[in-house]
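>>> fold the following.
(2 chains)
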Amino acid sequence: MTAYIAGAYELPIRHAPDQSLAQLQAQAMLGALADAGLEKSDIDGFFCGPDAPGTGPLSIADYLNLKLRHVDTTNTSGSSYPIHVAHAAQAIAAGKCNVALITLAGRPRSEGRAKGALVRRDSPDQPDFQWEHPFGLAVINVYGMVAMRHMYKYGTTPEQLAWVKVAASRHAQHNPLALLPTPVTVEEVLASPLVCDPLHRLDCCVVTDGGGALLVVRKEIAQSLKRPRIKIIGTGEAPEGQNGGYFEITDSGARRSGRMAFEQAGITPADVHYASLYDSFTITVLVQLEDLGFCPKGEAGRFAMEQSLIAGQGRLAVNTDGGGLCNNHPGNRGGMTKMIEAVRQARGEAHPAVQVPDCQFALANAIGGQLAVRHASATVILERES
Amino acid sequence: MANSKPVLGIDDLPMWASMERGQLELQRCNDCGSFRYPPAPVCPKCLSVVAAWTPVSGKGKILSWVVFHRKYFDNHPPPYNSVAVELEEGPIIVTQLEGPEPAGSWIGQPVVLGYGEHTGRMRHHACLAAKG
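All right, here's what the predicted structure looks like:
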């Protein structure tokens, strides 16, 4: 694989009542182009999710007046964007494009989903629909059940879950754009209202407007730019379902996507000291820590409680931008911001207070959909090329 | 307007019809005998495409559970619970516990399915069963 991430840009906005999705898409693209030092006319591949309004990639490509020879609208919900990175690298390797733009924009905060007020609209044509909504199963109920079983099976405690939020909040205090920049304690997490027992309000990610963009380019282009060269050295994608009703709800696709990415990269979890891990809820992070191999199965609660996730203290800094728990979860799709902070770390451009020294490798993992019932894990491993 | 009122999907008609009769049926593979859930055209164990809707015993145990404290669906006023039940036939289903609740963790508690009206139609729920 010889593709590089040349541009990465996170929209600074967290609440955008007066901006359209198309405007946010355009701002994200312009930010990534400026970051990379590329021109819009350099873009010949476009990757987006269903957050791009209109007909697949066509409406936004028309709005941005892109001249394209490759498009991809893979949708695995929040993990779409690391999958787009992998697919962009594959398309570049196959000679199908040279500069791939990947975008995300969303406005759930402005559209009334900030407090779960607006129910996600699923179609009755969706084969699993009948089996869940009629029994009151919202997204958080599934994650809560994963947490409850993890606690039962492995002795994980609410305090250990809370440490994931504590670590994110300590990072977020250095991010002036974070929605929730104030550090919190374990006690404050546990004292916040129970949303879905055992998950408290502070176990849940924020709901924000915003988005971001990435530019994946071929080697010769990366070498021509005045930016650190961040090489994509391993990727993996693992869609998981209910296997006909026979599955372990505390396992995730990160076991497969991580193994694929590490094998391709030729490194092990011990080589990685920064990871962006999808933090829709605190439990999501624990499951990924285990399934990616950063700790044995069942021990992620202890791993988090030992402050392992805090930059400068632990052995694996996680979500140094504050993550979805404190910084940003634009469009209810966290995979883009996970990629962007991993790029910052690999470049050495994270906030100095949270930058991992000599960060040669950075990993990003996303869990899209709903853990347990149906989700896709996507892993991307980056290396700074000297 | 935001509620979880069922809208029939073609794949699910036999399940809802079976609950109207007070006896949940799931697809059972004609070739290997495995039950499956949710409905699917192919057996997850042996890939056979031949299956028959077959009653389940209704016995199972709670695999996990939550209590949801926020309003999300109009027709599920909080607080309410969700439980994942591993049926004795094998598959995991999602339902809600009604009646007495266990003290402490609900996980591992034996349950039996019951049936009652919700949002204008019959639907399954779980009730605690005697241990043993």
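>>> quick one: the helices in chain B, in order.
B:13-20 (DSSP state H).
>>> by mean pLDDT, flag the weakest helix or strand of it.
In chain B, no helix or strand scores lower on mean pLDDT, DSSP states H and E than helix B:13-20, which sits at a mean of 91.
>>> what are the buried residues along that one?
B:15-16, B:18-19 (16 or more other CB atoms under 10 Å in any protein chain shown). For glycine as for every other residue, the C-beta is placed from the backbone atoms N, C-alpha and C.
>>> before we move on, what about stretch A:157-176?
Quick answer for stretch A:157-176 (16+ other CB under 10 Å): A:158, A:160-175.
>>> how about it and chain B, any contact?
No: Stretch A:157-176 stays clear of chain B (CB under 8 Å from any CB of the partner chain), getting no nearer than 12.9 Å.
>>> show me the shaky parts of the stretch 151-300 of chain A.
The stretch 151-300 of chain A contains no residues with pLDDT under 70.
>>> for it, what lies in contact range of chain B?
So the stretch 151-300 of chain A meets chain B at A:152, A:193-199, A:242-247, A:249 (CB under 8 Å from any CB).
>>> for chain A, just list every one of the strands.
In chain A, the strands defined using DSSP state E lie at A:3-10, A:45-48, A:70-72, A:99-106, A:194-197, A:199-200, A:210-218, A:229-240, A:274-277, A:317-318, A:361-370, A:374-385.
>>> list the helices and strands the fourth one packs on?
The helices and strands touching strand A:99-106, judged by 3 or more CB pairs under 8 Å, 6 or more residues apart in numbering or on different chains; DSSP states H and E, are helix A:21-36, strand A:45-48, helix A:80-93, strand A:210-218, helix A:335-347.
>>> the residue nearest to residue B:67 when sequence neighbours are not counted - how many residues pack around it?
Residue nearest to residue B:67 in three dimensions, not counting chain neighbours: residue A:197, with 4.3 Å by CB to CB, 6 or more residues apart in numbering or on different chains. Burial of residue A:197 is recorded as 17 neighbouring residues (other CB atoms under 10 Å in any protein chain shown).
>>> sorry, back to before: of all the helices and strands packed on strand A:99-106, which one is nearest residue A:306?
helix A:335-347 (21.1 Å; CB to CB).
>>> the closest one packs against which elements?
strand A:3-10, helix A:80-93, strand A:99-106, strand A:210-218, strand A:229-240, strand A:274-277, strand A:361-370, strand A:374-385.
>>> what is the nearest of the buried residues of helix B:13-20 to residue A:183?
Ranking the buried residues of helix B:13-20 by separation from residue A:183, with CB to CB as the measure, puts residue B:15 on top at 48.9 Å.
>>> so where is the stretch 1-150 of chain A shaky, pLDDT-wise?
Using pLDDT under 70, the stretch 1-150 of chain A drops low at A:1, A:113-124, A:127-130.
>>> who's residue A:216 bridged to?
Beta bridges link residue A:216 to residue A:5, residue A:100, judged by DSSP bridges.
>>> from chain B, how far out is it?
To chain B, residue A:216 is 36 Å away according to CB to the nearest CB, to the nearest Å.
>>> these two touch, right, residue A:239 and residue A:252?
No: using CB atoms under 8 Å, residue A:239 is not in contact with residue A:252; the gap is 11.3 Å.
>>> neighbour count winner among those two?
Higher neighbour count among residue A:239 and residue A:252: residue A:252, with 27 against 17, using other CB under 10 Å.
>>> so what's the more buried one up against?
By CB atoms under 8 Å, 6 or more residues apart in numbering or on different chains, residue A:252 lies in contact with A:240, A:287-288, A:291, A:367, A:371, A:375, A:377.
>>> from the residues you listed, which is closest to residue B:129?
residue A:371 (28.4 Å).
>>> show me where pLDDT drops low in chain B?
For chain B, residues meeting the criterion pLDDT under 70 lie at B:1-9, B:131-132.
>>> strands along that one, start to end?
B:25-29, B:35-36, B:51-55, B:59-68, B:80-87, B:92-95, B:110-118, B:121-128.
>>> can you list these in a markdown table and add distance to residue A:256?
Shown next, in a markdown table, are the strands of chain B (distance: least, CB to CB, whole Å):
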| stretch | distance to residue A:256 |
| --- | --- |
| strand B:25-29 | 26 |
| strand B:35-36 | 22 |
| strand B:51-55 | 28 |
| strand B:59-68 | 22 |
| strand B:80-87 | 22 |
| strand B:92-95 | 20 |
| strand B:110-118 | 32 |
| strand B:121-128 | 32 |
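>>> among these, which comes closest to residue A:9?
strand B:59-68 (36.7 Å).
>>> in that closest one, what's buried?
B:60-68.
>>> same deal with stretch A:285-298?
For stretch A:285-298, the neighbour count (16+ other CB under 10 Å) marks A:285-295, A:297 as buried.
>>> can you report how many residues lie near the residue nearest to residue A:239 when sequence neighbours are not counted?
Spatial nearest neighbour of residue A:239, chain neighbours left out: residue A:376 (4.3 Å); criterion: CB to CB, 6+ apart. Neighbourhood size, residue A:376 [other CB under 10 Å]: 26.
>>> residue A:376 reaches residue A:368, doesn't it?
Yes: using CB under 8 Å, residue A:376 makes contact with residue A:368 at a distance of 5.0 Å.
>>> joint contacts of those two?
Applying CB under 8 Å, 6+ apart, one finds that residue A:376 and residue A:368 are jointly contacted by A:76-77, A:79.
>>> leaving out the residues flanking it, which one is nearest to residue A:325?
residue A:168 (4.1 Å).
>>> can you pull the contacts of the one you found?
For residue A:168, the contact set (CB under 8 Å, 6+ apart) comprises A:279, A:318-319, A:322-323, A:325-327.
>>> between those, which is nearest chain B?
residue A:325 (17.8 Å; CB to the nearest CB).
>>> give the contact list for residue A:160.
Going by CB under 8 Å, 6+ apart, residue A:160 touches A:286, A:300-302, A:304-305.
>>> now which of these would you call buried?
Those of the contacts of residue A:160 that meet the buried threshold are A:286, A:300-302, A:304-305, by 16+ other CB under 10 Å.
>>> show me what the closest residue to residue B:124 other than its chain neighbours bridges to in the sheet.
The shortest distance from residue B:124 to any non-neighbouring residue, by CB to CB, 6+ apart, is to residue B:113 (4.9 Å). Note on residue B:113: beta-bridge partners by DSSP bridges are residue B:126.
>>> residue B:113: neighbouring residues, count only.
Residue B:113 has 22 nearby residues by other CB under 10 Å.
>>> do the one 3 residues further on as well
Counted with other CB under 10 Å, the neighbours of residue B:116 add up to 12.
>>> sort out for me which of the buried residues of stretch A:157-176 are in helices.
Residues from these lying in helices, with DSSP H as the criterion: A:158, A:160-172.
>>> over to residue A:185: give its phi and psi.
phi -100, psi 170 (degrees, to the nearest 10).
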